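In: I would like the atomic coordinates for the input below:
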Amino acid sequence: MRHELYAAQPMFKYVNEDFRYCCTADKKPGKVAIKINPLEWTIWGRLSGSVFFKEWSDTIHYRGGGAMKVLNFGSLNIDYVYSVDHICRRGETISSKELNIYSGGKGLNQSVALGKAGIRPYHAGKIGNEGMFLLDVLREADVDVSNVRISDKDSSGNAIIQNEADGDNCIILYGGANRNITLEDIEEVLMKFGEGDILVCQNEISHVEELIHKAHEKGMSVFLNPSPMDEVMINLDFKEVDYIILNEIEAGQLTELNTEDGDMLIDALQKRFPGIRIVLTLGSKGSIYADSEKKVRHPIFPVHAVDTTAAGDTFLGYFIANIAMKKTPEEALRIASMASAIAVTKSGAAPSIPAKEQVMDELVKKT
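Out: Coordinates of the predicted model:
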């Protein structure tokens, strides 16, 4: 690996041939600090001769001599959110107080959360022509959208969301273009990723089993949110999944347990899927991280909930981002819990996801 530092007062130019990045940075007394978005390095040493350097990152880390990339291959939806007094029951017709149209989809929401948490994820997926504004939402959160395909044949996925006054909701999904992702689409995207990279996925797109299998074969770390739960998830080979992030309802469906007891659910998941890392969210009871060596709990941060639509996606995005930034599971749970708490105090899905600065400011207030 060859690194060169060129004096160009008052700036310096740093070239790293392996990463093919080039950037400039201000000279500082005793060192040169150089930022390669979204990565940061601090270089120590003289301006001539050998340059000694140390990797420093608050956003992402390296593996195998290259920059680790986070790919979220997931859904992109248009959300139609109806404000109602109560969720419609069978045979009932009710009036909505208000209709709002938002960007959504678990995939989009999680990419926005990843981006706002401080890393620059790559989003892959498919939309119809009416969903072009979804790309703007992703770009605003610093998400790379070069792997999103636009279909002339399919409409974008959408969701009908009933939102009660107390914040509870129910959701009906129409897959649209999300369910017309082909094996060729998957192959084309995964060619750009490799060993040490991260795949984030949900169950709102087609061929998710093949996606996980191919990513695992390439040596990628697979983070799975098995939602919505169906036969695909029930029968999935979880040996190819590194992290599973799910709520108590999904855990109960996977383990066939009718309980809200987090410890029982964790024990059952570990028995069925030995070696997998588990993140279990329990609503008002907080969250649990468990692996083969330890189990970590974190309570919620109490707030007045307005809309819980993006709570889980916000939590997931912030948790994964902080694991990618080499935070401990304890730290990742704490940061993700605060991000989720802030999100439920606002309406909408992606618009409610807070920026990292707000999350960290609120955490400081809790210390």
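In: Can you get me a residue count around the nearest residue in space to Ile288 that is not next to it in sequence?
Out: Nearest residue to Ile288 in three dimensions, chain neighbours excluded: Leu280, at 4.7 Å (Cβ to Cβ, 6 or more residues apart in numbering). Placement of C-beta: from N, CA and C, glycine included. Residues near Leu280, counting by other Cβ atoms under 10 Å, number 24.
In: name the element Leu280 belongs to?
Out: Assigned by DSSP states H and E, Leu280 belongs to strand 277-281.
In: So what are the sheet partners of the following helix or strand past that strand and their directions?
Out: On the C-terminal side of strand 277-281, the closest following helix or strand by DSSP H and E is strand 287-290. Each strand that pairs with strand 287-290, with its direction, by DSSP bridges: strand 277-281 (antiparallel), strand 295-298 (antiparallel).
In: deepest of the ones you listed, which one?
Out: Mean neighbour count (mean count of other Cβ atoms under 10 Å) peaks for strand 277-281 among the strands paired with strand 287-290, with a mean of 23.
In: Please give the centre-to-centre distance between it and its chain.
Out: Its chain's C-alpha centre and that of strand 277-281 lie 14 Å apart, by Cα atoms, centre = their mean, to the nearest Å.
In: List of residues touching it?
Out: Residues outside strand 277-281 that contact it (Cβ atoms under 8 Å, 6 or more residues apart in numbering) are 242-248, 251, 262, 265-266, 269-270, 287-291, 312, 315-316, 319, 333.
In: On the three-state scheme, the spatially closest residue to Arg139 that is not a sequence neighbour is what?
Out: In space, and not counting its chain neighbours, Arg139 is closest to Val145: 6.2 Å by Cβ to Cβ, 6+ apart. Secondary structure, DSSP: H, G, I helix; E, B strand; the rest coil: Val145 is strand.
In: I'd guessed Val145 sits against Leu135; true?
Out: Yes. With contact defined as Cβ atoms under 8 Å, Val145 counts as touching Leu135 (4.9 Å).
In: For the strand holding Leu280, give the mean pLDDT please.
Out: For strand 277-281, the mean per-residue pLDDT is 98.
In: element containing the residue nearest the centre of the chain, please.
Out: Central residue of the chain (Cα atoms, centre = their mean): Gly317, 3.1 Å from the mean position. According to DSSP H and E, Gly317 maps onto helix 311-324.
In: which stretches of the stretch 101-250 of the chain form strands?
Out: 122-128, 144-151, 157-164, 169-174, 198-201, 221-224, 243-247 (DSSP state E, counting those that start in this stretch).
In: Need the contact partners of the last one.
Out: Residues outside strand 243-247 that contact it (Cβ under 8 Å, 6+ apart): 221-227, 238, 254, 269, 273, 276-283, 312, 316, 319-320, 323.
In: The fifth one now?
Out: The set of residues external to strand 198-201 that reach it, using Cβ under 8 Å, 6+ apart, is 68-74, 107, 110, 114, 121, 193, 208, 211-212, 215, 220-225, 316, 320, 324.
In: Within the sheet, what are the partner strands of that strand, with directions?
Out: strand 70-73 (parallel), strand 221-224 (parallel).
In: which of those strands is buried the deepest?
Out: strand 70-73 (a mean of 28).
In: Show the subsequent helix or strand relative to it.
Out: Using DSSP H and E, the helix or strand that follows strand 70-73 towards the C-terminus is strand 77-84.
In: how about that next one as PDB, C-alpha atoms only?
Out: The C-alpha coordinates for strand 77-84 follow below in PDB (Å, rounded to 0.1, in the frame of the first residue of the first chain):
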ATOM      1  CA  ASN A  77     -42.700   3.200  -0.600                       C
ATOM      2  CA  ILE A  78     -45.100   6.100  -0.800                       C
ATOM      3  CA  ASP A  79     -47.000   6.200   2.500                       C
ATOM      4  CA  TYR A  80     -50.600   7.400   2.700                       C
ATOM      5  CA  VAL A  81     -51.200   8.200   6.400                       C
ATOM      6  CA  TYR A  82     -54.700   8.600   7.700                       C
ATOM      7  CA  SER A  83     -55.300  10.100  11.100                       C
ATOM      8  CA  VAL A  84     -58.200   8.300  12.800                       C
END
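In: now stretch 280-296, how far from the centre of its chain.
Out: 18 Å.
In: Can you say which of the contacts of strand 277-281 are buried?
Out: With burial judged by 16 or more other Cβ atoms under 10 Å, the buried subset of the contacts of strand 277-281 is 242-248, 251, 262, 265-266, 269-270, 287-290, 312, 315-316, 319, 333.
In: What's the local residue count around Ala305?
Out: By the criterion of other Cβ under 10 Å, Ala305 has 15 neighbours.
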